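Undergrad: Structure here, sequence nowhere to be found:
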């Protein structure tokens, strides 16, 4: 079940029904499985409860390291980095997302690499680095195509590329 209704064309952030997200968070508040923790972190993030999201995301990364797979750890780290991004800690988020993308690509985990590159692009976009954002979104699109992603996922990457291109400064006229 996806709570994402679309993406804001200016910020590229998820558009969600806040009441649905709050209701779902209440439903899973006591669950301790890794998937539930990841979902709780994401819900806290989109609800704007960033202090709670940061604390829980750090706990989730620790749990993934202790009881999950390397893929689980990467997913948890990417989600943690998105919390850093929402808190405007762009440099820390960039470092974590770059490392996650590189590790996922090195392991041949294309879907996770695409996910990390997409969030790397969103972080760069919010930081005002539209060239880096565009390149990250393009890499995500390439990887998603390679992984046989659904049209909806490809469209998200294409819209992000378009948004980054619209925000890039125009080249200076030579004359």
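TA: Received, thanks. Keep in mind it's a predicted model, so treat the numbers as computed, not measured. Residues are numbered from 1 along each chain as shown.
Undergrad: Strands along the protein, start to end?
TA: For the chain, strands defined by DSSP state E occupy the ranges 4-7, 14-16.
Undergrad: Comparing those, which comes out most buried?
TA: strand 14-16 (a mean of 16; mean count of other CB atoms under 10 Å). Heads up, the C-betas are built off the backbone N, CA and C, glycines and all.
Undergrad: wait, what's in contact with residue 17?
TA: Contacts of residue 17 were listed using CB atoms under 8 Å, 6 or more residues apart in numbering, and they are 3, 5.
Undergrad: pretty sure residue 84 contacts residue 96?
TA: Yes: between residue 84 and residue 96 there is a contact at 6.9 Å, judged by CB atoms under 8 Å.
Undergrad: returning to what we had before: hey, least reliable of the strands of the chain by pLDDT?
TA: Among those, strand 4-7 has the lowest mean pLDDT, at a mean of 91.
Undergrad: and that strand, how far from the chain's centre?
TA: Offset of strand 4-7 from its chain centre (CA atoms, centre = their mean, to the nearest Å): 13 Å.
Undergrad: One more: stretch 101-119?
TA: 12 Å.
Undergrad: Can you measure across that stretch, start residue to end residue?
TA: 10 Å (CA to CA, to the nearest Å).
Undergrad: Quick check: the closest residue to residue 70 other than its chain neighbours vs residue 144, distance?
TA: Nearest in space to residue 70, with sequence neighbours left out and distances taken as CB to CB, 6 or more residues apart in numbering, is residue 107 at 7.2 Å. The gap separating residue 107 from residue 144 is 17 Å, by CB to CB, to the nearest Å.
Undergrad: Those two: which is more packed in?
TA: More crowded of residue 107 and residue 144, by other CB atoms under 10 Å: residue 144, with 23 against 13.
Undergrad: Good, wrapping up.
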